[in-house]
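# Quick one, structure for this:
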Amino acid sequence: MLGDPEARLVTVTGPAGVGKTRLAQAAAEVIARDLPGGVVRVDLAPLEDARLVAEAIAVAAGAGSSRGASALDAAAAALRDEQVLLVLDNFEHVARAADDVGALLGACSGLSALVTSRHVLGLSAERTLPLTPLATPAVDEATPAVALFVARARARDPEFQLTPDVAASVAEICRRLDGLPLAIELAAARVAVLAPPAMLARWDAAVGLDTEGARDLPSRQRTLRSAFDWSYDLLEPDERALLRRLAAFPDGFDVQAVEAAQRGDGGVLAPLDLDPIVTLGALVDRSLLQREAGSVAEPRFSMLATVRAYLRERLAEGGEEAAADLWMATVCATAAHQEGRVFGAGSSGEELDRLDRELNNLRAALEVLLAQAPSRAVDLCGDLYRLWSARHVREGRDWLDRALRTGDADVPPAVRARALFAATWLAHFQGDYDARRRMADECLAAAQAADDPLILARALYVSGVALVDEDPAAAGARYRESLALCERLGDDIGIATASNDLGEIARGAGALDEAQAHYGRALELWRAAGDETGIARGAHNLAQAARDVGDLPRATHLLRESLAASAEVGDGHQRASTLAALVAVAAERQPGIAAATLYGAAEAEMAAAEIVLERIDAEPFARADSLLRATLGDERAGEAQERGRGLEPEQTDLLVQRLLSGEEGRVPTDGGLSPREREVVRYLAAGMTNAEIASRLVLSEHTVHRHVANILVKLGARSRAAAAVTAAERGLL
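As a prediction, this is how the structure comes out:
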């Protein structure tokens, strides 16, 4: 169906457990081989709100934030010029987003969509493929349903044999399960405990799989519910309780979450009398939980959406749903607080990766806290500032706006000040300067009420950020107040932050020696703290000052450092700014086609990352355009810039490496690779794709791409193959 150019939207429909997701995955794998833009997959099961569907698509498509644009516009911009298959899995509970899918298809001529849902979307362009259960007319092993049961049974018990009496029982089990693959797998997983004839006896006597469940549901859903009832009833009471608690996570969980479920962390739930690790293994063995593919170092587990739905019903029946959700939100908030450190050192790339992996769980936690504990929602939003600012500006701003509008009088001033600090910065990134000023004032007022010198220091600083365009002198006074407080507190990160922005004011005033002194102090402190976010920012700013005084080799060296640090934390906003700065340097040193092409690439990344260059940085970028056009001519420069706007990030990285190669300040011969980068380069040497590496290391493809880009820069390589060769030569494999 998808091979037909007219079939741009195909919806696979059918009951729970029939195999819609597996069919979509298999189809996508085949189609991806011949589709230039590949496949963008979005699992909608973790989403509770149809309004987040467009955001999830935009994130999966690699869309950055765009100033003033909606999530739907950002997704359309990312997909408009590509031949892409968009796979939307588990659509039925977000059906109100169907119009967004239609709008995307209308805006993107090369886009097609494959949707799995229990219901059709109801769009005029839609073609449907009803997926029916497996046939069960015969007893022999070749019958699809029986063959599935036997395959799964032998995975549990290699000696399982389909003798005549067993075959008859298997066929009857498959018939009672109506050929639903998921139900068959759940039943087959029990062969290590009960032989098929014994299953039937137990079934008939105690469970009644073919009649259990609400009578107004379709028969297939009733039988699936019964299969769940049966597997669930085989568990001990505390095992059931653990499984119900884990169902509060919409998008999987790690071992620490299982241990927290056993302990009943947060005082919301009672402790359970079981060994969490042993029980986790038992639940995986019983096919009620799955270990996610490739999760080795930090294993993660999940449950099928239908299993989770069943367990959520059990929670509701027992009156436990609100408590379990609050417990889940508490676990997520505690983990985010440990990673967040809004006022401490910046998060590392791996810390941000961990938060990003939990994004769907964090979204659910925020919804719960907004409903049940608004003050804690404000606190969690503040803790997620580093993640929002580096990777999800638009969404972070939305959550902060919702949380800060709660009007909850119980929000402590310190918590409110932290959240307002985050909201002010996100508004700054988006170029929303009116909101930036208003929230900075509110942040300062809350900080003064909090009577906490560290919070006050940060509020004074962000107040200066809001003033810098209209009154640099007043902004500088706020920065100096913040700096003095931080020096008394011994807060190196605060000292670095205030010093950096004092450097901005000095540079804007033409006091370049003073600017370099401030920038240098900030960068030294950030380096000492290992703060990659700060290093990226500080190296970028010091490079700008070095260019201003004509020290282009030093500027180039510093911009290399900034790009590497930006890649380490996946900070697309800082990367885009640094690319613009590199264009300004390259235009003076090498005003050719490569620099003009990078100009276009930088423009595209700034637009995608919602970067609005400040005047002090915008002027050199504009001068670079004039210089390139004067050197190449308007036509050649314009053509090169247009090519640059169409580059993929990896292509831009190769172009950057070309411009950096041969410059002073080469990277060390050991490459300076982090432990994670060394893992990635080993997989590169094995010929793996980004998707394969992501699966092996349990990372997103975006994160793997970031690591690959960083490796190319650090090793001075122009391709993945060259990076592998260089790494081998240097003994890094």
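# From now on I want contacts and neighbour counts done on CA atoms only, so please keep to that.
Will do.
# show me the contacts for R51.
Each residue near R51 by CA atoms under 8 Å, 6 or more residues apart in numbering is listed here: A97.
# Please settle this for me: is E524 part of a helix?
Yes - under DSSP: H, G, I helix; E, B strand; the rest coil, E524 sits within a helix.
# Distance of it relative to H518?
With distances taken as CA to CA, to the nearest Å, E524 is found 10 Å from H518.
# Repeat that for S124.
61 Å.
# A477 sits in which helix or strand?
Using DSSP states H and E, A477 sits within helix 472-489.
# Put the alpha carbons of that helix into PDB.
Extracted C-alpha coordinates of helix 472-489, given in PDB (Å, rounded to 0.1, in the frame of the first residue of the first chain):
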ATOM      1  CA  PRO A 472      24.400  48.200  29.700                       C
ATOM      2  CA  ALA A 473      25.600  50.300  32.600                       C
ATOM      3  CA  ALA A 474      22.800  49.100  34.800                       C
ATOM      4  CA  ALA A 475      23.300  45.500  33.600                       C
ATOM      5  CA  GLY A 476      27.000  45.800  34.500                       C
ATOM      6  CA  ALA A 477      26.100  47.000  38.000                       C
ATOM      7  CA  ARG A 478      23.900  43.900  38.500                       C
ATOM      8  CA  TYR A 479      26.600  41.600  37.300                       C
ATOM      9  CA  ARG A 480      29.100  43.200  39.700                       C
ATOM     10  CA  GLU A 481      26.700  42.800  42.600                       C
ATOM     11  CA  SER A 482      26.200  39.100  41.700                       C
ATOM     12  CA  LEU A 483      30.000  38.700  41.300                       C
ATOM     13  CA  ALA A 484      30.700  40.100  44.800                       C
ATOM     14  CA  LEU A 485      28.100  37.800  46.400                       C
ATOM     15  CA  CYS A 486      29.600  34.700  44.600                       C
ATOM     16  CA  GLU A 487      33.100  35.700  45.600                       C
ATOM     17  CA  ARG A 488      32.000  35.800  49.300                       C
ATOM     18  CA  LEU A 489      30.300  32.400  48.900                       C
END
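# What residues sit buried inside that helix?
For helix 472-489, a neighbour-count test (16 or more other CA atoms under 10 Å) marks P472, A475, G476, R478, Y479, R480, E481, S482, L483, A484, L485, C486 as buried.
# Can I get those residues in CSV including pLDDT and distance to A414?
Converted to CSV, the buried residues of helix 472-489 look like this (pLDDT from 0 to 100; distance: CA to CA, whole Å):
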residue, pLDDT, distance to A414
P472, 92, 27
A475, 94, 23
G476, 95, 24
R478, 96, 19
Y479, 96, 20
R480, 96, 22
E481, 96, 19
S482, 95, 17
L483, 96, 20
A484, 96, 20
L485, 95, 17
C486, 94, 17
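# what are the ranges of the helices in the stretch 251-400 of the chain?
255-263, 276-285, 305-317, 321-340, 349-357, 359-372, 374-383, 385-391, 393-404 (DSSP state H, counting those that start in this stretch).
# if you compare these, which one is most tucked away?
Compared across the helices of the stretch 251-400 of the chain, helix 374-383 shows the largest average neighbour count, a mean of 27 (mean count of other CA atoms under 10 Å).
# re earlier: need the buried residues of helix 472-489 in CSV (columns: distance to T13).
Formatted as CSV, the buried residues of helix 472-489 follow (distance: CA to CA, whole Å):
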residue, distance to T13
P472, 60
A475, 59
G476, 61
R478, 60
Y479, 59
R480, 63
E481, 62
S482, 59
L483, 61
A484, 64
L485, 62
C486, 60
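# Tell me the secondary structure of I611, please.
Applying three-state DSSP: I611 is coil.
# what does T11 give?
strand.
# can you give me the strands in this structure?
9-13, 39-43, 84-89, 111-117, 126-130, 253-254, 290-291, 300-302 (DSSP state E).
# weakest of those in terms of mean pLDDT?
Mean pLDDT values for these show the minimum at strand 290-291, a mean of 83.
# returning to what we had before: kindly reformat the helices of the stretch 251-400 of the chain as TSV and extend each row with distance to P412 and mean pLDDT.
TSV is the format used below for these (distance: least, CA to CA, whole Å; pLDDT from 0 to 100):
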stretch	distance to P412	mean pLDDT
helix 255-263	27	93
helix 276-285	36	88
helix 305-317	32	86
helix 321-340	16	86
helix 349-357	25	81
helix 359-372	15	94
helix 374-383	8	91
helix 385-391	18	84
helix 393-404	12	91
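# between these, which gets nearest to A727?
Each of the helices of the stretch 251-400 of the chain has some distance to A727 by CA to CA; the shortest is helix 349-357, at 21.4 Å.
# Send me the closest one as PDB with only the CA atoms.
Taking Å, rounded to 0.1, in the frame of the first residue of the first chain, the C-alpha atoms of helix 349-357 are listed here in PDB:
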ATOM      1  CA  GLY A 349      26.300  15.200  28.100                       C
ATOM      2  CA  GLU A 350      25.700  11.800  29.800                       C
ATOM      3  CA  GLU A 351      23.600  13.500  32.500                       C
ATOM      4  CA  LEU A 352      21.500  15.200  29.900                       C
ATOM      5  CA  ASP A 353      21.200  12.000  28.000                       C
ATOM      6  CA  ARG A 354      19.700  10.300  31.100                       C
ATOM      7  CA  LEU A 355      17.200  13.100  31.600                       C
ATOM      8  CA  ASP A 356      16.300  13.100  27.900                       C
ATOM      9  CA  ARG A 357      15.700   9.300  28.000                       C
END
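# Can you report how many residues neighbour E648?
11 (other CA atoms under 10 Å).
# Okay, A323 and R244: tell me how far apart.
To R244, A323 is 11 Å away according to CA to CA.
# Repeat that for V368.
The value you get for V368 to R244, if CA to CA is used, is 17 Å.
# related to what we said a few turns ago, compare E524 and H518 and say which one has the larger neighbour count.
H518 (25 against 16).
# Pull the contacting residues for that one.
Neighbours of H518 in contact, by CA under 8 Å, 6+ apart: S499, N500, L502, G503.
# got it, and R418?
Counted by CA under 8 Å, 6+ apart, R418 has contacts V342, D379, G382, C443, I455.
# Of those, just say which sits nearest to R437.
C443 (9.8 Å).
# what's around the closest one, how many residues?
Using other CA under 10 Å: C443 sits among 30 other residues.
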